[in-house]
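> I'd like to go over a predicted model; first the sequence, then the structure.
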Amino acid sequence: MNDQSLDSPDAPRGCPVAHGSPDLARLYGPEAATDPHGIYERLRKEHGSVAPVLLEGDVNAWLVLGYRDSRRVLDNPSQFPRDARTWRDYREGRIEETSALIPMLAWRPDCVSQDGEPHRRLRGAVNDVLQAAVGRGTRRHATHFANKQIDRFAAVGRADLVADYADFVPMLVMSRVLGLAEVEGRRLVESCAELLKGGEDAVMHDGRIREIFGELVERRRTEPGSDLATDLLDHHAALDHDEVVDHLRMVMIAAAVTTNLLARVLRLVLTDASRLSGLTSGQLNISAVMEEAMWNSPPLTVLPGRFAASDVELGGHLIGAGDLLVLGLAPGNVDPEVRPDPGVSVEGNQAHLAFGAGPHECPGQSMGQSMIEIAVDVLLHRLPGLRLAMPADELTSTASTWESRLDRLPVEFPV
């Protein structure tokens, strides 16, 4: 057992070492950007299924690496609430409002930030409006915007399927669903990406997102539309202005996460000739490729954040009341206790952590998967002969605290 274990008489309550200690592994910075999985595995060997880490600004947190421990946290909101007002470091003034962590961790009047009855009220509204959106033709919007993006490069014979395609299709679809004009959706691509990336501009981009949705909500009060913004305003749960704005923001950030999953799925397709031929011939279903991506390269590698409601033991460590926990979805999915052989096929196994779990499990997962299915299908049918334009082993990714994104996915095709 490590020196932060329950058996250590010197283990400080609720804080594994002094705040901001340089001895802790950082989930940000140069090493984390290029080799996050190396950090996860080193932490697993040193600390077990839960490890003390530092987030941006050298903020203390516990990273949950184990699959079963992640499920325990996600399935028990009374013991590990999502409400950031429980966070001791924030209550005691150690987290600045300008911190890059604020957009992803701070309390907001949305269903993600609340538990119990407030969560049920808001989550019910979100479920209702997302279901209505599906009925209004989300698949049709996905087909439209997939074709529109392809039109931008179809005559050139080459493209970067990250920057030219995956980064835009889910975002433009959700912009239409939410009630935004296409130009506003394209503006949000950068801001949502920067928010997820973190860094000194994260708070500024978060403000831009809220401003766009604040203006949309005001428009829809006087000019209702056939969109999700109008549906939230009209819902019987009686959401106020800030609740509507923050739920539109939440859905748009989920779309930004979906862009990463689309890129990962396209990478799997284009780096395996049998997958590519199977999809184009109809012998392989895209859902099988998505399952593989969600197990081995989930769009969020680390899920923010849960907070200990009281002192509790987790993974052999004493977690203090008010401590921050972040859930390692990527390391949890390859936890040797549940996947002793990661090379074994995961087809048909939907027990991955990619969408979270428990009461806060992603409510829009079926919509996101539908958009990816259409985006891949349209691409392969529009561009026969599509092939990767560089060796697969030279493809690179850059990670932030929360996600690891493909840098590029260059392709060529006959015109």
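Looks like it came in fine.
> C-alpha only now, for contacts and for neighbours.
Will do.
> least trustworthy helix or strand in this protein by mean pLDDT?
Least confident helix or strand of the chain, by mean pLDDT, DSSP states H and E, is helix 273-281 with a mean of 90.
> so what secondary structure elements neighbour the very next helix or strand once past that one?
Downstream of helix 273-281, the first helix or strand assigned by DSSP states H and E is helix 286-296. Judged by 3 or more Cα pairs under 8 Å, 6 or more residues apart in numbering; DSSP states H and E, helix 286-296 is in contact with helix 241-270, helix 329-333, helix 365-382.
> what comes up buried for the longest one?
Within helix 241-270, the residues scored as buried using 16 or more other Cα atoms under 10 Å are 242-249, 251-270.
> Kindly list the main-chain dihedrals of the closest residue to R220 other than its chain neighbours?
Nearest non-adjacent residue to R220, counting by Cα to Cα, 6 or more residues apart in numbering: T230, 6.0 Å away. The phi/psi pair for T230 (degrees, to the nearest 10) reads phi -60, psi -40.
> got it, and L406?
With angles defined as degrees, to the nearest 10, L406 sits at phi -60, psi 140.
> distance of the residue nearest the centre of the chain from W87?
Geometric centre of the chain, nearest residue: L300, 3.8 Å, by Cα atoms, centre = their mean. As judged by Cα to Cα, to the nearest Å, L300 and W87 stand 22 Å apart.
> Let me know which of the helices and strands packed on helix 286-296 is the nearest to V344.
Nearest to V344 among those is helix 329-333; the distance by Cα to Cα comes to 12.9 Å.
> wait, L318 sits on S310?
No. Between L318 and S310 there is no contact under Cα atoms under 8 Å: 10.4 Å.
> Neighbour count for those two, which is higher?
Shown here are L318 and S310; by other Cα atoms under 10 Å, L318 has more neighbours (20 against 16).
> so what does the helix or strand harbouring that one touch, helix or strand wise?
Element membership for L318, per DSSP H and E: strand 317-319. In this structure, strand 317-319 packs against strand 312-314, with contacts taken as 3+ Cα pairs under 8 Å, 6+ apart.
> which regions of the protein sit below the pLDDT cut-off?
Regions of the chain meeting the criterion pLDDT under 70 cover residues 1-22.
> tell me the contacts of H352?
M294, W295, N333 (Cα atoms under 8 Å, 6 or more residues apart in numbering).
> Kindly indicate which of these lies nearest W62.
For the contacts of H352, the minimum distance to W62 (Cα to Cα) is 17.4 Å, reached by N333.
> So that closest one sits against N296, correct?
Yes. N333 lies in contact with N296 (Cα under 8 Å); the separation is 6.9 Å.
> Next up, phi/psi of A51, please.
Main-chain dihedrals, A51, degrees, to the nearest 10: phi -140, psi 140.
> Tell me which residues touch it, please.
Counting by Cα under 8 Å, 6+ apart, A51 makes contact with L43, R44, W62, L63, V64, L65.
> Mind telling me the two of the residues you listed farthest from one another?
Longest span within the contacts of A51, Cα to Cα: R44 and W62, 12.2 Å.
> Who has more neighbours out of the two?
Neighbours per residue (other Cα under 10 Å) separate R44 from W62, with W62 holding more: 24 against 19.
> Confirm that the more buried one sits in a helix.
No. Using DSSP: H, G, I helix; E, B strand; the rest coil, the assignment for W62 is strand, not a helix.
> Quickly list what it is bridged to.
P52, L325 (DSSP bridges).
> Confirm for me that it is in contact with V326.
Yes. Counting by Cα under 8 Å, W62 does reach V326; the two are 6.2 Å apart.
> Quick one, which of the helices and strands packed on helix 286-296 gets closest to L395.
Taking Cα to Cα, helix 241-270 is the member of those nearest to L395, at 9.1 Å.
> That closest one to helix 365-382, inter-axis angle?
40 degrees (axes from the mean of the first three to the mean of the last three Cα atoms, to 10 degrees).
> Mind giving me the packing neighbours of helix 241-270?
Looks like helix 241-270 contacts helix 169-178, helix 182-197, helix 202-222, helix 228-234, helix 273-281, helix 286-296, helix 365-382, strand 404-406 (3+ Cα pairs under 8 Å, 6+ apart).
> winner for burial among those?
helix 169-178 (a mean of 26; mean count of other Cα atoms under 10 Å).
> by how many degrees do it and helix 182-197 diverge?
Using the same axes, to 10 degrees: helix 169-178 against helix 182-197 is 120 degrees.
> what is the orientation angle of helix 169-178 with helix 202-222?
Using the same axes, to 10 degrees: helix 169-178 against helix 202-222 is 30 degrees.
> Tell me the gap between helix 169-178 and the middle of its chain.
Centre-to-centre, helix 169-178 and its host chain are 16 Å apart (Cα atoms, centre = their mean, to the nearest Å).
> what do you get for stretch 254-271?
Its chain's C-alpha centre and that of stretch 254-271 lie 12 Å apart, by Cα atoms, centre = their mean.
> same thing with stretch 176-194?
Relative to its chain's centre, stretch 176-194 lies at 17 Å (Cα atoms, centre = their mean).
> Okay then, goodbye and thanks.
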